[in-house]
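Asks: Sequence and predicted model, in that order:
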Amino acid sequence: MANVVILGSTGSIGTQTLDVIRRMPDRFRVVGLAANRSVEALEGQAREWGVAHVAVADEPAAAELRRRMSGTAVEVAGGVPGLCELASMAEADVVVVAVAGAIGIAPTHAAIRSGKTIALASKEVLVAAGEETMRLAGEAGVAVLPIDSEHSALFQCLNGRAPETVEKLIITASGGPFRTLPAERFASITPEQALKHPTWTMGGLVTINSATLMNKGLELIEARWLFDVPASRIDLLVHPQSIIHSLVQFADGSVLAQLGLPDMRLPIQVALTHPERVETHLPRLDLAQTADLTFEPVDYARFPAPRVALAALGAGGTMPAVMNAANEEAVALFLERRIQYTGIMDTVQAVMNLHSPCAATLEAVLESDGWARRAARSAGGA
Ligand SMILES: NC(=O)c1ccc[n+]([C@@H]2O[C@H](COP(=O)([O-])OP(=O)(O)OC[C@H]3O[C@@H](n4cnc5c(N)ncnc54)[C@H](OP(=O)(O)O)[C@@H]3O)[C@@H](O)[C@H]2O)c1
């Protein structure tokens, strides 16, 4: 029986994690839940799961939840310190990090320092602070298990093999809704068109990142730190059917791939039950009924984002945090119709050009994140 804390329990990954755990009551006990402002949802979850420890990042929302839960045994901690406290609570064995944003870094580090196993969904933790996070995990002897489907696939193919055995990590990309759109039509792409993802249903930012392929840029950075493989040995491959979630080419030329229907509950379960394989009710992949599996290279002229991400990784220090924050703001500006679709990457580049990276301490990362958001807003004319 493992005791689990879920940071971001009210979100898409958080609720799917609870779905997975609901089917394995003999294996997992939920001991802590955290969110930002979704007080009602968090109250419902705390009551359903009989959880005594809850954290709410937004202080007024924390006060509201305390009021609602008064007279119960539930303790409500507030702010980032509250999230860190929850992530390091003595009872917890595993901390699922599924909060959106760089806010997840401090609680993840707190959990690592307390020796908790980390099941990591939040991209920002590795994008903005990957080197430091993996250094801390190495020192503490703590496992960082990926939840993101591509990294889960790589993790499963690697199966504990050393980085030296890897010739290439190959991350697959659906290619998004504009895979076949001619370059001259990119400037006139509307938010409505960009929000239609061919395979996954996700929030606005993630869906736009899938369209620009910035999500692949972020995944390259995450893979670099998670698996300790240099960026020069990480490739992208467009695979529109999203059945192969990623591949590893080993030093002997052999290639292993992980396949499955697109459903985040599978990688969540893989992380939670690692190293075991446990039966699921999830629909099975039937290859005989699957149409062709096709592959093509990424067209970096139309999709420059992964190369921009590699440049940020190469510049090092706070640059990936700046790139990520500038991208989030630029996507918001696009969704607000203040900039064109092609303006997203122009804005990110403009902000990166203004930044001189420094060492990615937690403080510097958060400061750079804030600066990049303001710079992106002014570069984007807001
Ligand atoms: N969804 C996917 O399929 C998927 C796949 C791979 C990786 N990821 C990554 O996983 C992370 C979560 O994604 P998601 O799709 O689950 O996001 P989401 O649906 O937007 O949920 C985000 C969760 O984080 C909480 N949160 C937001 N800001 C916070 C803050 N300042 N402090 C504390 N908690 C905060 C939210 O609480 P409230 O409800 O109170 O706002 C919510 O519980 C992201 O980094 C994403 O890139 C997602």
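Replies: Sure, I can see it. Numbering: from 1, shown residues only.
Asks: which element is Ser368 on?
Replies: With elements delineated by DSSP states H and E, Ser368 resides in helix 362-379, which encompasses its position.
Asks: Not counting its own residues, what contacts that helix?
Replies: The list of residues contacting helix 362-379 from outside it, by CB atoms under 8 Å, 6 or more residues apart in numbering, reads 102, 105-106, 109, 128-129, 132, 317-318, 321-326, 328-330, 333, 347-348, 350-351, 354-355, 357-358. Quick note: C-beta positions are derived from backbone N, CA and C, even for glycine.
Asks: Show me which positions of that helix end up buried.
Replies: When burial is assessed from 16 or more other CB atoms under 10 Å, helix 362-379 yields the following buried residues: 364-366, 368-369, 371-373, 375-377, 379.
Asks: And stretch 79-96, by the same measure?
Replies: Residues of stretch 79-96 classed as buried by neighbour count (16+ other CB under 10 Å): 80, 82-89, 92, 94-96.
Asks: One more: stretch 115-131?
Replies: By neighbour count, and taking 16+ other CB under 10 Å as the criterion, the buried residues in stretch 115-131 are 116-130.
Asks: and the ligand, which of those residues contact it?
Replies: Restricting the buried residues of stretch 115-131 to those within reach of the ligand (CB under 6 Å from any ligand atom) leaves 121-124.
Asks: which one of these is nearest Pro191?
Replies: Distances from those to Pro191 were compared by CB to CB; the smallest belongs to Lys123, at 21.6 Å.
Asks: I figured that closest one hits Gly217, correct?
Replies: No. Lys123 is not in contact with Gly217 according to CB atoms under 8 Å; the separation is 10.3 Å.
Asks: Who are the packing partners of the helix or strand harbouring Glu192?
Replies: Here Glu192 sits within helix 191-194, counting by DSSP H and E. Contact partners of helix 191-194 among helices and strands, from 3 or more CB pairs under 8 Å, 6 or more residues apart in numbering; DSSP states H and E: helix 204-212, helix 319-335.
Asks: just to revisit the earlier point, just the buried ones from the contacts of helix 362-379?
Replies: With neighbours counted by 16+ other CB under 10 Å, the contacts of helix 362-379 contain buried members at 102, 105-106, 109, 128-129, 132, 317-318, 321-326, 328-330, 333, 347-348, 350-351, 355, 357.
Asks: Find the residue closest to the closest residue to the ligand within the chain in space, skipping its chain neighbours.
Replies: When distances are taken as CB to the nearest ligand atom, the chain reaches nearest to the ligand at Gly11, 1.9 Å away. Using CB to CB, 6 or more residues apart in numbering and skipping the chain neighbours, the partner closest in space to Gly11 is Ala98 (5.9 Å).
Asks: Now do the contacts for the one you found.
Replies: 6-9, 11, 13-14, 17, 121-122, 147.
Asks: repeat for Pro240
Replies: With CB under 8 Å, 6+ apart as the criterion, the residues that contact Pro240 are 174-175, 179, 198, 294.
Asks: Tell me the helices and strands packed up against the helix or strand where Thr17 lies.
Replies: Using DSSP H and E, Thr17 maps to helix 12-22. Using 3+ CB pairs under 8 Å, 6+ apart as the contact test, the elements touching helix 12-22 are strand 2-7, strand 28-35, strand 94-97, helix 265-273.
Asks: Go again with 7 Å.
Replies: Applying 3 or more CB pairs under 7 Å, 6 or more residues apart in numbering; DSSP states H and E, one finds that helix 12-22 contacts strand 2-7, helix 265-273.
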